[in-house]
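Enquirer: need coordinates for the below:
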Amino acid sequence: RRPDKGRWAGLWQFKTLESNGHPHTVRELGKRLGLAVSRPKRLGVVRHGLTHRRYEFDAYVAELSGDRPASTVWVTLEQLDAYPLSKPQLSIARLLASGRP
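Expert: Numbering: from 1, shown residues only. From the prediction side, this is the model:
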């Protein structure tokens, strides 16, 4: 869940890492996410523009190979309707639902 103040305040989002154009190794991904994950598969790119900002999300999917941290909410695609998402996050959910890659 996003913080109560700022962009997309209080909305939910998928695990997100800032990359600044530099791809992450599987090991680095796991370390930064605090999760043990498989090699990610690219879903696609989601672009979103606001009046004074442009966002680009490279969306990936990976299998969790360890325990789920208790500090994170895990839901199925069917359960996402119960969680308010920003437009970019809704676009990522559509990519997941479409069965890409």
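Enquirer: which residue is the nearest non-sequential neighbour of the residue sitting nearest the centre point of the chain?
Expert: The C-alpha lying nearest the average C-alpha coordinate of the chain belongs to F14 (CA atoms, centre = their mean; 3.0 Å). Take F14 and drop its neighbours on the chain: the residue closest to it by CB to CB, 6 or more residues apart in numbering is I92, 5.8 Å away. In this view, the C-beta of every residue, glycine as well, is placed from N, C-alpha and C.
Enquirer: tell me how far the strand or helix carrying the one you found is from the chain's mean position?
Expert: Taking DSSP states H and E as the criterion, I92 maps to helix 87-97. Using CA atoms, centre = their mean, to the nearest Å, the mean C-alpha position of helix 87-97 is found 9 Å from that of the whole chain.
Enquirer: what helices and strands are in contact with that helix?
Expert: strand 41-49, strand 54-61 (3 or more CB pairs under 8 Å, 6 or more residues apart in numbering; DSSP states H and E).
Enquirer: then that helix to CSV, C-alphas only?
Expert: What follows is helix 87-97, C-alpha atoms only, in CSV (Å, rounded to 0.1, in the frame of the first residue of the first chain):
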residue,chain,number,x,y,z
LYS,A,87,-4.3,3.6,-13.6
PRO,A,88,-0.7,2.3,-14.2
GLN,A,89,-1.2,-0.5,-11.7
LEU,A,90,-4.6,-1.4,-13.4
SER,A,91,-2.7,-1.6,-16.7
ILE,A,92,-0.2,-4.0,-15.2
ALA,A,93,-3.1,-6.1,-13.8
ARG,A,94,-4.6,-6.2,-17.3
LEU,A,95,-1.2,-7.5,-18.6
LEU,A,96,-1.2,-10.2,-16.0
ALA,A,97,-4.8,-11.2,-16.8
